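Trainee: Build me a model:
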Amino acid sequence: MKAGYVAIIGKPNVGKSTLLNHLLGTKISAVTSKPQTTRKRILGILTEGEYQACFIDTPGIIDAEYELQEQMVGQIKSAIADADVLVLLIDPWFKNDRSFWQFTDLADEIPKIIAINKIDLVSRNDLLPLIDSLKSRRIPDIVPISALNGEGVADLKRIIFANLPEAEFFYPEEDISDSPERFFVADLIREKIFQRFKKEIPYATCVLIDDFKEREKGKDYIRAIIYVERDSQKAILIGKKGTALKKVGEEARREIESFLGRTVYLELWVKVKEKWRKNKKFLKELGY
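Mentor: Next up, the predicted model:
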């Protein structure tokens, strides 16, 4: 038996969450077209035959400018410290970046795999100069993939399994994550905000599940608080006569019901918490 932790690291919007969801065959990580959608490390457990890969989806590598981003960078470093295998996810437009390689240097002793994502958007010939430039890193496995359509993902999975250490499984075979349902519910609500709103609104919001009641009869009850930093952001998020917030709630409820496999009554509230992204105490309440 082989089992281990596999950290997926890369720049923002390179497709880490899409890759994790494809590997697991189910959606557990929020996916949007906006960078920095992922704020916390997410564990996804894949068990096949004699192998158990515990994937860690991480926030994108950035230069932190405020406390929330500092916490996000800390999540990346923590994932690397826990990893038995490192998947370095890049795209065909990757530029050699000192800050990127500084993160990989934190894990000198563990196997590394470079996965070039989004190959469905370029020709194979376009990848050759990039692959040649990567050979100087002395990482033996460079795998072109498309996390969106699955091309090359089976090859990547095979190489990951081959690099796992011998060990007993860490989790029951039926588990797909170690995070509670509340975490995924909050993430799905935040995903809908990222998808529906532009500019600063998504980045100024966070979601806290205030109440979660499972009921034997009738729908489960979920009350979520969406925090923003300014009254003007609150007004935009709620919309005229509450229409914008209602749409977020409807879309989030459908996703939550699909994820949980049961019906829910979802209640959303919007509150102002000034400068919450710089507030260490509040970030701790959010689980950072």
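Trainee: quick one, helices of this structure?
Mentor: 16-24, 67-82, 98-104, 124-134, 153-163, 181-196, 231-238, 243-260, 280-285 (DSSP state H).
Trainee: tell me the most buried of the ones you listed?
Mentor: Ranked by mean neighbour count, those are led by helix 16-24 with a mean of 23 (mean count of other C-beta atoms under 10 Å). Just so you know, the C-beta spots here come from the backbone N, C-alpha and C atoms, and that holds for glycine as well.
Trainee: what is the mean pLDDT for that one?
Mentor: Average pLDDT, helix 16-24: 92.
Trainee: what angle separates it from helix 153-163?
Mentor: 80 degrees (axes from the mean of the first three to the mean of the last three C-alpha atoms, to 10 degrees).
Trainee: Please enumerate residues in contact with helix 16-24?
Mentor: 8-10, 27-31, 37-38, 42, 44-46, 53, 55, 57-58, 60, 87, 89, 115, 117, 145, 147-148, 150, 153, 157, 176 (C-beta atoms under 8 Å, 6 or more residues apart in numbering).
Trainee: So which of those are in strands?
Mentor: Among these, the members found in strands (DSSP state E) are 8-9, 42, 44-46, 53, 55, 57, 87, 89, 115.
Trainee: How is the protein divided into domains?
Mentor: For the chain, automatic domain parsing gives the domain ranges 2-163, 181-285.
Trainee: Can you tell me which of those domains has the worst average pLDDT?
Mentor: domain 2-163 - the lowest mean pLDDT of those, at a mean of 89.
Trainee: I'd like the distance from it to the chain centre, please.
Mentor: The chain centroid and the centroid of domain 2-163 are separated by 11 Å, computed with C-alpha atoms, centre = their mean, to the nearest Å.
Trainee: Can you give me the end-to-end span of it?
Mentor: Domain 2-163 has an end-to-end distance of 9 Å (criterion: C-alpha to C-alpha, to the nearest Å).
Trainee: Figure out which of the helices of the chain is closest to E216.
Mentor: Minimum separation from E216 across the helices of the chain (C-beta to C-beta) falls at helix 243-260, 14.7 Å.
Trainee: between that closest one and helix 231-238, how big is the angle?
Mentor: Going by the same axes, to 10 degrees, helix 243-260 makes 60 degrees with helix 231-238.
Trainee: Packing partners of helix 243-260?
Mentor: Counting contacts by 3 or more C-beta pairs under 8 Å, 6 or more residues apart in numbering; DSSP states H and E, helix 243-260 packs against helix 181-196, helix 231-238, strand 264-272.
Trainee: K118 is in contact with N149, correct?
Mentor: No: the pair N149 and K118 does not pass the contact test of C-beta atoms under 8 Å, sitting 10.2 Å apart.
Trainee: who has more neighbours, those two?
Mentor: Neighbours per residue (other C-beta atoms under 10 Å) separate N149 from K118, with K118 holding more: 19 against 11.
Trainee: Now do the same contact list for the residue lying closest to that one once chain neighbours are set aside.
Mentor: Leaving aside its chain neighbours, K118 sits nearest to D91 (4.7 Å; criterion: C-beta to C-beta, 6 or more residues apart in numbering). Residues near D91 by C-beta under 8 Å, 6+ apart: 14-15, 116-118.
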